[in-house]
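S.K.: Provide a 3D model corresponding to the input given below.
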Amino acid sequence: MFIRILGFLLLGQLICNVSAKDFANQYTSFSLPEGWECGLEGSEWVCQHTNKDRKKEAIIILAAKIRGNQDNITDYMSYLKKVKSFTLPGGKTQYSEPKYTSQKTLHNHPWIDSLHLASEVPGFYTRYMATIKEDLGIAVTFSVAKSHYNEYQGVFDRIIETLRVFRDKTKSSDQYTAKGARGSLLGESGIYDPDANNLDIQRQKQGKRDISAAAEAGSYLIMLLIFGGIGYFVYSKKKKKKK
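M.R.: Residues are numbered from 1 along each chain as shown. Modelled structure (predicted):
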């Protein structure tokens, strides 16, 4: 057991020591580990390892929207402290396990930092980083299979240490209105896959979204991400398999 734990720690350190590259979009920037890439998928930015096998292990999703009444640091903190739940096939209710929720300062800017187990898909940890910047609500989610959590903990910590947020003045409010919204998927707090521990979460092409439905999806940015995130990619994968 000791040797296995030591191996995880050494692997995590090795990954962290690999040279990083800078990533930036319209509202945030951070250092991305070598071997990772980010791309715009529908209304969210998605970052994953370029290695086919490693894509199964972890994913980062970024989203922003124009702030509603409940898009503020206090409400984000309150919301993420709570247990999340969703219904599994057969009627059984799945409950998340909140591990911690706290406020931290990164580069003189406040963020809410929260970790849950099974808040989106059974068998996955998801770490939520949420904040506001001027008229935007912004969230970055880091999801990893439970069996790989120790390997990626240091990787995620390193990314978060470099996380910065800003408001691109060249982007109008209309360009952010529907960002982060998932339309009809908002009502599903998670999408169960019995093989979640072996889930291949590589990016799927999402196609066009229903913008009008997205605009009506509510004011919680964090809620939009929790009720989408990994769950949405499971849903996309399962639909693709049925075709």
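S.K.: what kind of secondary structure is Ala139 in?
M.R.: Of the three states, Ala139 takes strand according to DSSP: H, G, I helix; E, B strand; the rest coil.
S.K.: Check the burial of it by counting its neighbours.
M.R.: By other C-beta atoms under 10 Å, the residues close to Ala139 number 30. Placement of C-beta: from N, CA and C, glycine included.
S.K.: Excluding chain neighbours, what is closest to Ile159?
M.R.: Closest residue in space to Ile159, ignoring its immediate chain neighbours: Phe30 at 5.3 Å, by C-beta to C-beta, 6 or more residues apart in numbering.
S.K.: Tell me where this structure has strands.
M.R.: Taking DSSP state E as the criterion, the chain carries its strands at 20-24, 28-33, 36-41, 44-49, 58-66, 85-87, 93-95, 97-106, 109-117, 124-133, 136-145, 164-165.
S.K.: Can you check which of those strands gets nearest to Phe156?
M.R.: Taking C-beta to C-beta, strand 136-145 is the member of the strands of the chain nearest to Phe156, at 4.7 Å.
S.K.: wait, doesn't Tyr100 sit right on His116?
M.R.: No. Counting by C-beta atoms under 8 Å, Tyr100 stays clear of His116, with 9.3 Å between them.
S.K.: Show me the shaky parts of the chain.
M.R.: Applying pLDDT under 70 to the chain flags the ranges 1-19, 172-243.
S.K.: residues near the residue nearest to Ile159, how many?
M.R.: 23.
S.K.: right, and it touches Phe166 too?
M.R.: No. The criterion here is C-beta under 8 Å, and Phe30 misses it with Phe166 at 11.8 Å.
S.K.: would you turn the strands of the chain into CSV with distance to Gly154?
M.R.: Listed next are these as CSV, based on distance: least, C-beta to C-beta, whole Å:
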stretch, distance to Gly154
strand 20-24, 13
strand 28-33, 10
strand 36-41, 14
strand 44-49, 15
strand 58-66, 12
strand 85-87, 30
strand 93-95, 28
strand 97-106, 17
strand 109-117, 14
strand 124-133, 13
strand 136-145, 12
strand 164-165, 20
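S.K.: just to revisit the earlier point, so who does the residue nearest to Ile159 touch?
M.R.: Contacts here follow C-beta atoms under 8 Å, 6 or more residues apart in numbering; on that basis Phe30 touches Asp22, Phe23, Ile159, Ile160, Thr162, Leu163, Arg164.
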